[in-house]
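Participant: sequence? don't have it. structure:
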């Protein structure tokens, strides 16, 4: 299991090349609705990292960040991409 | 009294994980067990003696099997085994009367055993590696909520006919290429999420469903004719690259929300519903908005950001309930800007100022903060505006190392502030945070500055591990009361008294 610092350094969005820490900072510094806030992080209209970013957005509103949960959704997505690239 | 070896062993094991307290003296007393996140690789056989167990949480462990003795847990209704290492669901699940099962985040390839779980009402097997799955449900079942999202499913035909009682169905993030005719079996469906698939084709049976909420975003839809769906209230079609999108006159008469962001649209479509409250067409290639938009008298949210719109119809100003309007990224003419001025929505990205920062206050900010407090005390009847007193108060707070002072700044000026002091709560058994002095300069309201200040302070409270944060607000300050309610603060039953010493 990763510690908080390791999770903060994980890349959450390849398009915008943002880490979890940067995504949290951006989400905290906006009150825009999710779709708009997501674009500030991704700088694109794609939805590859939507699940993980939505978790962060909800956690920001809730006022408490669950770093294990964030790491889990990022790893789950990477695992899925790996399986798809291997032809599953 | 007869010595119960199994109970003694189980109690010792449960004690070791802090799952029960000293008051528990017999297995029959245990109805709920939380053994989540204990790095467990196996569960002891003795667990089978918990005949009254209703709820068992085994999530976030390293389990790949369950002990056979769990067959004896005939009272068990709610089982949580998410985020473990299961590759197949244990056979014993077929002999239990489980109502809710969460097996998400495992490595499941097969879930056939659930054919025998006839009482199942809520099933979450998202985040597994389910691919070509056959029917996994009993011919007559009670399933109401099904989450199969984030798997590798290409075809739903085998199990759709067994979902006639299903109300909520999440199939997002799979590999579906079509919504087949068998979707007609979903007689009770209310919510459907098919987002992030590869759907190109939708069978006509879909349009006869009595579904209320549908998400079809991020698919491969190119042509879509929207009709019927008489109970539909919310439809999301974002991120489909349409060459043809048509809305028939007899489509979704009660539609409240329609979102079509990033869909390559060239035309602003007008759904026939008179109940429309939210309309999103951002990131398209739309060049004009028709006059008929005025027909949506209940519209509260309109998003046309990043299109190619120069003119806005004057009829837009008739939308008196419109609260939120996003229009940045359009080459709006001066006349169009005047329409927005008349429209005067509460939140409009054209009026928002970028570059407002939220940061810890410095000594240079204190004087501006004291001035800003005057705005707050003009509303709060219990307090008098007195710059010198307020400056002294802010300076005292600043010097105290048990406090945090945040400011929102725009071009070096303080435009908002919030403070938090550490208190000790005997009720909570630890430190709590007392929020005070949340105020935003009137010119910078409706820009989310207050939300940012309180969100940042909540994160600081989390870092300090405060048990809770609390605040008091003037009962006549309806804006503040609504603001705190919306952000999850609960009103207490206490009144605040003060006595001048």
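Facilitator: All right, it came through fine. Computed from a prediction, not measured in an experiment: that's the story for all the values here.

Participant: in chain B, which residue sits closest to chain A?
Facilitator: residue B:448 (2.2 Å; CB to the nearest CB). The C-beta positions use only the backbone N, C-alpha and C, and glycine is treated the same way.

Participant: which one is that residue nearest to, not counting chain neighbours?
Facilitator: residue A:31 (2.2 Å; CB to CB, 6 or more residues apart in numbering or on different chains).

Participant: can you give me phi and psi for the one you found?
Facilitator: With angles defined as degrees, to the nearest 10, residue A:31 sits at phi -120, psi 10.

Participant: just list the residues touching it, thanks.
Facilitator: B:447, B:448, B:449, B:451, B:452 (CB atoms under 8 Å, 6 or more residues apart in numbering or on different chains).

Participant: who wins for neighbours among these?
Facilitator: When neighbours are counted by other CB atoms under 10 Å in any protein chain shown, residue B:447 leads these with 25 neighbours.

Participant: neighbours of the residue nearest to that residue when sequence neighbours are not counted, just the number please.
Facilitator: What sits nearest to residue B:447 in space, not counting adjacent residues and going by CB to CB, 6+ apart, is residue B:352, at 5.1 Å. Per other CB under 10 Å, the neighbour tally for residue B:352 reads 16.

Participant: got it, and the one 3 residues further on?
Facilitator: Here the number of neighbours of residue B:355 (other CB under 10 Å) works out to 7.

Participant: can the longest helix along chain A be found next to chain B?
Facilitator: Ranked by number of residues, the top helix in chain A under DSSP state H is helix A:67-85. Yes. Helix A:67-85 comes into contact with chain B (CB under 8 Å from any CB of the partner chain), by way of A:68, A:72, A:76, A:80, A:83, A:84.

Participant: ok, now how distant is the fourth one from residue B:488?
Facilitator: For residue A:80, the distance to residue B:488 under the criterion CB to CB, to the nearest Å works out to 32 Å.

Participant: now do residue B:141
Facilitator: On the measure of CB to CB, residue B:141 and residue B:488 end up 36 Å apart.

Participant: just to revisit the earlier point, now do the residue of chain B closest to chain A, the pLDDT please.
Facilitator: For residue B:448, the pLDDT comes out at 80.

Participant: circling back to that earlier point, residue A:80 and residue B:488 - which one has more neighbours?
Facilitator: residue A:80 (17 against 10).

Participant: which residues does the closest residue to that one other than its chain neighbours contact?
Facilitator: Spatially, and ignoring its direct neighbours in sequence, residue A:80 is nearest to residue B:150 (6.6 Å; CB to CB, 6+ apart). For residue B:150, the contact set (CB under 8 Å, 6+ apart) comprises A:51, A:76, A:80, B:126, B:127, B:128, B:172, B:173, B:174.

Participant: hang on, residue B:150 in a strand?
Facilitator: No. According to DSSP: H, G, I helix; E, B strand; the rest coil, residue B:150 belongs to no strand; its state is coil.

Participant: what kind of secondary structure is the residue nearest to residue B:442 when sequence neighbours are not counted in?
Facilitator: Spatial nearest neighbour of residue B:442, chain neighbours left out: residue B:375 (6.9 Å); criterion: CB to CB, 6+ apart. Under three-state DSSP, the three-state class of residue B:375 is helix.

Participant: show the pLDDT at the residue nearest to residue A:80.
Facilitator: For residue B:150, the predicted pLDDT is 92.

Participant: can you check residue B:380 too?
Facilitator: 68.

Participant: ok, residue B:2 next?
Facilitator: Note for residue B:2: predicted pLDDT of 59.

Participant: repeat for the one 4 residues further on
Facilitator: At residue B:6 the predicted local distance difference test score is 87.

Participant: which stretch of helix or strand covers it?
Facilitator: Secondary structure from DSSP states H and E places residue B:6 in helix B:5-16.

Participant: try residue B:394
Facilitator: helix B:387-399.

Participant: which parts of that helix are buried?
Facilitator: By neighbour count on 16 or more other CB atoms under 10 Å in any protein chain shown, the buried set for helix B:387-399 is B:390, B:391, B:393, B:394, B:397, B:398.

Participant: and for stretch B:475-487?
Facilitator: Result for stretch B:475-487 [16+ other CB under 10 Å]: buried residues B:480, B:483, B:484.

Participant: ditto for stretch A:35-54
Facilitator: Of the residues in stretch A:35-54, A:35-42, A:44-54 count as buried by neighbour count, 16+ other CB under 10 Å.

Participant: what's residue B:377 in contact with, if anything?
Facilitator: Applying CB under 8 Å, 6+ apart, we find residue B:377 in contact with B:383, B:384, B:385, B:390.

Participant: circling back: which residues are in contact with the helix holding residue B:394?
Facilitator: B:361, B:363, B:366-367, B:369-371, B:373-374, B:377, B:403, B:405, B:419, B:421.

Participant: I'd guessed residue B:168 sits against residue B:191; true?
Facilitator: Yes. Using CB atoms under 8 Å, residue B:168 is in contact with residue B:191, at 4.6 Å.

Participant: next one: phi and psi at residue B:258?
Facilitator: phi -140, psi 120.

Participant: next: the one 10 residues further on.
Facilitator: Dihedral angles phi and psi of residue B:268 (degrees, to the nearest 10) take the values phi -80, psi 110.

Participant: can you check residue B:418 too?
Facilitator: phi -160, psi 150.

Participant: contacting residues for residue 26?
Facilitator: Since you didn't name a chain, this refers to chain A. Listed by CB under 8 Å, 6+ apart, the contact set of residue A:26 reads A:18, A:37, A:40, A:41.

Participant: the chain in question should be chain B.
Facilitator: Contacts of residue B:26 were listed using CB under 8 Å, 6+ apart, and they are residue B:7.

Participant: that's all I had, so thanks and see you.
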